[in-house]
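Structure for the following, please:
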Amino acid sequence: AGELREDLKLNDWGYVLLMNDFAETVFAGYDRKLVNLYTWFLLSRSGYQVRVGYDQRSIYLLYAVKYHVFNTKYYTLDGDQYYVIDLGADKQSPSSIFTYSGSHKLQRKKLDLNIEEYPLLGNKETTKTKTLEFSYDGENYTIPVEIDMALIDYFAYYPLTELPVFFTASLSPSSKQSIYPKLVPILSDMTEEEAVNFLLVFVQTAFEYETDQDQFDREKYMLPEETLFYSSSDCDDRAILFANLVQDLLGLQVVGLRYSKHLATAVAFTDKVSGDLYFYKGKAFTVADPTYVNASIGMTMPQYQNETPEILGWK
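Next comes the predicted model:
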């Protein structure tokens, strides 16, 4: 399992799915309870802090995670929060469960949901070609993108965890190889301010806006790859995609701006630019809102101009 994990470049979440799929293969046709118990055994022997919980209906797996997981039932056991995390579309939300005290001596690792690299799950046959269109400064642009559909399936039910995990995920190699060669020559002839405005208009206008509840019937932070794939996105998804593009293509530092009901971004420019700004760790970050359509850098949505956002930074 360890060698296969390395070959597929799986993070902890991918390893959980791999063990679950293996358990489903071993116990094909059997009750789901046996699958969960075997998955628990495999993950426990792999060193993860996983507990079994049960009620009259089912058996649940409870995972200790390095980060908070939202919209998910959790229980505090021996000082750690253990989350009942779905591995698919079936919602698991037991009102109360029975479990046990103590843990196996090998169980020392919490799930790390960071995505440092994308897993190798498919091949060219799993990719889908899509063209994104927008206009900037009176000129029309078409941006082709190759999307790995195996990754879209893989991340469909990724745990709703803390935003820095998504802000640092970047794009998959297949998407970069299709979209970056088109964007780099355009951006190379622009100033920093022009380049950020160009990327801002791209993210603002190349996608339709739709809330998570309307699109997925649940809250979901989309990875950059998913935002490129789905026809619609909300402020969280656009902020994540925009931040990744600016960091990758322009090498500028970006932070998130979390308002009461909105998420935007701010960029640290080399030279001073005009507009609304915030200071974070000694640097000035100018507002750049990828959801505020037709707004250029420095402009804050009117309804949030009198609100001080929480600044989200990451390494």
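
List the contacts of D148.
Going by CB atoms under 8 Å, 6 or more residues apart in numbering, D148 touches 118, 121-122, 126-127, 172, 174-175, 225. From N, CA and C alone the C-beta is placed, and that goes for glycine too.

Flag every buried residue along stretch 4-19.
Going by neighbour count (16 or more other CB atoms under 10 Å), the buried part of stretch 4-19 is 5, 10-19.

can you check stretch 239-256 too?
239-247, 249-250, 252-256.

now do stretch 273-290
Neighbour counts over stretch 273-290 (16+ other CB under 10 Å) mark 273, 275-277, 280, 285-290 as buried.

ok, now stretch 35-46?
35-40, 42-44, 46.

CSV for those, including pLDDT, secondary structure and distance to Q107?
Output for the buried residues of stretch 35-46, formatted as CSV (pLDDT from 0 to 100; DSSP: H, G, I helix; E, B strand; the rest coil; distance: CB to CB, whole Å):
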residue, pLDDT, secondary structure, distance to Q107
V35, 93, helix, 20
N36, 92, helix, 16
L37, 94, helix, 15
Y38, 96, helix, 16
T39, 95, helix, 14
W40, 94, helix, 10
L42, 95, helix, 12
L43, 95, helix, 9
S44, 93, helix, 6
S46, 93, coil, 9
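
Grab the two from the residues you listed that are most spread out in space.
V35 and S46 (16.4 Å; CB to CB).

rewinding a little: and the buried residues of stretch 273-290 as JSON lines, adding pLDDT?
Below are the buried residues of stretch 273-290 laid out as JSON lines (pLDDT from 0 to 100):
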{"residue": "V273", "pLDDT": "93"}
{"residue": "G275", "pLDDT": "96"}
{"residue": "D276", "pLDDT": "97"}
{"residue": "L277", "pLDDT": "95"}
{"residue": "Y280", "pLDDT": "96"}
{"residue": "F285", "pLDDT": "97"}
{"residue": "T286", "pLDDT": "98"}
{"residue": "V287", "pLDDT": "98"}
{"residue": "A288", "pLDDT": "98"}
{"residue": "D289", "pLDDT": "98"}
{"residue": "P290", "pLDDT": "98"}
